[in-house]
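Got a predicted structure plus its sequence, pasted below:
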Amino acid sequence: MVRVKFATVWLGGCSGCHMSFLDLDEWLIDLAEQVDVVYSPFVDIKQYPEWVDVVLVEGAIANEEHLEILHIVRERSQILISFGDCAVTGNVTALRNPLSTESVLQSCYVEAADLHGPIPDAPGIVPPLLDKVQPVHTLVPVDIYLPGCPPSADRIRAVLEPLLKGEKPHLEGRDLLKFG
């Protein structure tokens, strides 16, 4: 049996989708018997591998680092799943879109800080923000959309289980398609 190379990626979001993934509980044991986790915030792997069969991408694209990672992930993954409402629509992460990036940084790092200090500008400290937060599909092709804030464990399983059998998932009905 060929094991599926499986990855999860966390971009601009709260990690709630990854926490919901952990709610798969005992099915995680069944999943572990069928996949090799080759990249995830759950494991200590620094570089996204060359070939991934299935990847769950959580979060919107809010900064240059997210954008770079997303392009690498798309290039190296066979099936990309937009994982959760931030990845699918921008959701909460995109609430900053009506504001300028400068006003967001000023508010966070100067006005709301306990000690007034400058906006960090040393290389590598804060990845430069994009002008607008964007959902995954506006930047790269998406194969499967998995909505929810976060998607329930049942919904996540409804997508992964058919994929592991070589079948395309069919999300139908309110429980599997609703946002929020």
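Good, I have the coordinates.

check contacts around residue 17.
Contacts for residue 17 (C-beta atoms under 8 Å, 6 or more residues apart in numbering) come out as 56, 58-59, 83-84, 86-87, 148, 150-151. Yep, even glycine has a C-beta here, placed from its N, CA and C like the rest.

any chance of these in JSON lines, with distance to residue 141 too?
Converted to JSON lines, those look like this (distance: C-beta to C-beta, whole Å):
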{"residue": "56", "distance to residue 141": "16"}
{"residue": "58", "distance to residue 141": "17"}
{"residue": "59", "distance to residue 141": "17"}
{"residue": "83", "distance to residue 141": "15"}
{"residue": "84", "distance to residue 141": "18"}
{"residue": "86", "distance to residue 141": "18"}
{"residue": "87", "distance to residue 141": "13"}
{"residue": "148", "distance to residue 141": "21"}
{"residue": "150", "distance to residue 141": "23"}
{"residue": "151", "distance to residue 141": "20"}
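
Among these, name the ones in helices.
Judged by DSSP state H, the contacts of residue 17 include 86-87 as members of helices.

In JSON lines, list the contacts of residue 17 along with neighbour count, pLDDT and distance to residue 112.
Putting the contacts of residue 17 into JSON lines (neighbours: other C-beta atoms under 10 Å; pLDDT from 0 to 100; distance: C-beta to C-beta, whole Å) gives the following:
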{"residue": "56", "neighbour count": "26", "pLDDT": "98", "distance to residue 112": "32"}
{"residue": "58", "neighbour count": "29", "pLDDT": "98", "distance to residue 112": "26"}
{"residue": "59", "neighbour count": "29", "pLDDT": "98", "distance to residue 112": "22"}
{"residue": "83", "neighbour count": "33", "pLDDT": "97", "distance to residue 112": "30"}
{"residue": "84", "neighbour count": "33", "pLDDT": "96", "distance to residue 112": "26"}
{"residue": "86", "neighbour count": "29", "pLDDT": "97", "distance to residue 112": "22"}
{"residue": "87", "neighbour count": "31", "pLDDT": "98", "distance to residue 112": "27"}
{"residue": "148", "neighbour count": "21", "pLDDT": "94", "distance to residue 112": "30"}
{"residue": "150", "neighbour count": "25", "pLDDT": "96", "distance to residue 112": "26"}
{"residue": "151", "neighbour count": "29", "pLDDT": "95", "distance to residue 112": "31"}
